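Student: structure for this input, please:
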Amino acid sequence: MVDVISLWLPVLASAVLIFVVSSVIHMATPWHKRDYARVPDEDGVMQALRPFGLQSGDYMLPRPSGMDEMRSSAFAEKVKRGPRVVMTVLPAGPMSMGKNLIGWFAYLLVVAALVALLDAIVLRPGAHHHDVFHVTVIAAFLGYAAALWQMVIWYNRSIGTTLRSTIDGVIYALVTAGVFSYFWPGAS
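Tutor: Residues are numbered from 1 along each chain as shown. From the prediction side, this is the model:
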């Protein structure tokens, strides 16, 4: 078994590399440009929502208060008339990416640390780089992409958006696996 502390360098290096790669993917390419559609009459929709004072959070329309209401004819009519909406409301004010970028980097560190923990349990010092690569790429892919599909299944999130994000996850998993393979303790 590998001492997980000895994997601090691949954890940190993979998090930094993925941070850079994801920045390039999101800022220097049009890859995610179509992830969110523009609402017709955006200003009108925003003006219509303002008086409700919606706080930051996730909302669903229509949303029943319980199973009894869900079975009611009034609720069925709301669903039939539509629109059905799942939305996230962000706070008003200037856009700042600082908190998001810090959160993203912390997430990258957590995924890499969990991958390192799994690798340390499963692999031995001096393990062949192919074995390190395969175990790491699968674990990292699960951390970066597998759960994205729950939103497609339960909330009809765009398959295109989810597919693009899954491909991002494949890239991040490959980077993680390459870094762990390169820095694996005792590798020749």
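
Student: tell me, how many neighbours does Lys78 end up with?
Tutor: Neighbours of Lys78 under the rule other Cβ atoms under 10 Å: 16. All C-beta atoms are positioned from the backbone trio N, CA, C, and that covers glycine.

Student: what helix or strand is it on?
Tutor: According to DSSP states H and E, Lys78 maps onto helix 73-81.

Student: what pLDDT, on average, does the following helix or strand past that helix get?
Tutor: Toward the C-terminus, helix 73-81 is succeeded by strand 85-89 as the next helix or strand (DSSP H and E). Strand 85-89 shows an average pLDDT of 94 in the prediction.

Student: what's the answer for stretch 121-139, then?
Tutor: Stretch 121-139 comes out at a mean pLDDT of 96.

Student: who's in contact with Ala145?
Tutor: Taking Cβ atoms under 8 Å, 6 or more residues apart in numbering, we find Ala145 in contact with 165-166, 168-170, 172-173.

Student: no no, Lys80
Tutor: With Cβ under 8 Å, 6+ apart, Lys80 has no contacts at all.

Student: where in this structure is pLDDT low?
Tutor: The model of the chain has pLDDT under 70 over residues 187-188.

Student: show me the domain layout of it.
Tutor: When the chain is parsed with automatic domain parsing, its domains come out as 4-38+96-183, 42-89.

Student: strands along this structure, start to end?
Tutor: 57-61, 85-89 (DSSP state E).

Student: and the last one with strand 57-61, angle?
Tutor: Counting by axes from the mean of the first three to the mean of the last three Cα atoms, to 10 degrees, strand 85-89 lies at 160 degrees to strand 57-61.

Student: list the helices and strands strand 85-89 packs on?
Tutor: strand 57-61 (3 or more Cβ pairs under 8 Å, 6 or more residues apart in numbering; DSSP states H and E).

Student: and the contacts of the strand it packs on?
Tutor: Residues contacting strand 57-61 (Cβ under 8 Å, 6+ apart): 83-89.

Student: coming back round to it: make a ChimeraX selection of the buried ones in the contacts of Ala145.
Tutor: Here is the ChimeraX command that selects only those of those that count as buried (16 or more other Cβ atoms under 10 Å):
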select :165,166,168,169,172,173
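
Student: returning to what we had before: which stretch among the strands of the chain comes nearest Asp43?
Tutor: strand 85-89 (16.7 Å; Cβ to Cβ).

Student: that closest one pairs with which strands?
Tutor: Paired neighbours of strand 85-89 in the sheet (DSSP bridges): strand 57-61 (antiparallel).

Student: go through the domains of the chain and pick out the most buried.
Tutor: Of all the domains of the chain, domain 4-38+96-183 has the most neighbours on average by mean count of other Cβ atoms under 10 Å, namely a mean of 16.
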